[in-house]
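my questions concern the predicted model and sequence given below.
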Amino acid sequence: VQLQASGGGLVQAGGSLRLSCLASGRTFSSYVMAWFRQGPGKEREFVAAIGWSGYLTRYADSVKGRFTISRDNAKNTVYLQMNSLKPEDTAVYYCAAGKSMVIDGGYDYWGQGTQVTVSS
């Protein structure tokens, strides 16, 4: 599986962005999909994950109520809608695919990352 993340950019605090992650291959619908991020000088951290059907989701406490993860299996794409952005959301965002919904980075495939910068 190859993953291509897009949609990052520069936005003011309080603004919104939607990230997309396009997956290659015919087995997309069998994978748990997740978003992670790594801010400047920080460790990579879990952001959100979604089960293969789209029914089950999980979020980091820091983004609950502001970010929404979704997927469209017909388009092999997972999305991250980010609202009420804060400067501390500034990071490179990575999408990942795996077989289990974990928060420790144990995913099989990773995209190249897309930069999100939130100005104050």
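Done, it's in.

which helix or which strand is home to the spatially most central residue of the chain?
With distances taken as Cα atoms, centre = their mean, Trp35 lies nearest the centre of the chain, 2.6 Å away. Per DSSP states H and E: Trp35 is located in strand 32-38.

quick one: Val63 from Gly14, how far?
Using Cβ to Cβ, to the nearest Å, we find Val63 at a distance of 15 Å from Gly14. (Glycine included, C-beta is placed from N, CA and C.)

neighbour count: these two, which is higher?
Val63 (23 against 11; other Cβ atoms under 10 Å).

tell me how far that one lies from Ser16.
To Ser16, Val63 is 13 Å away according to Cβ to Cβ.

so what sits against both of the two?
Common contact partners of Val63 and Ser16 (Cβ atoms under 8 Å, 6 or more residues apart in numbering): Met82.

is it correct that Gly15 is in contact with Leu85?
Yes: with contact defined as Cβ atoms under 8 Å, Gly15 reaches Leu85; the gap is 5.4 Å.

who touches both of those two?
Val118.

about what we covered before: mind listing the strands the next helix-or-strand element following the strand holding Trp35 pairs with, and their directions?
Next helix or strand after strand 32-38 toward the C-terminus (DSSP H and E): strand 45-50. Here strand 45-50 has these sheet partners by DSSP bridges: strand 32-38 (antiparallel), strand 57-59 (antiparallel).
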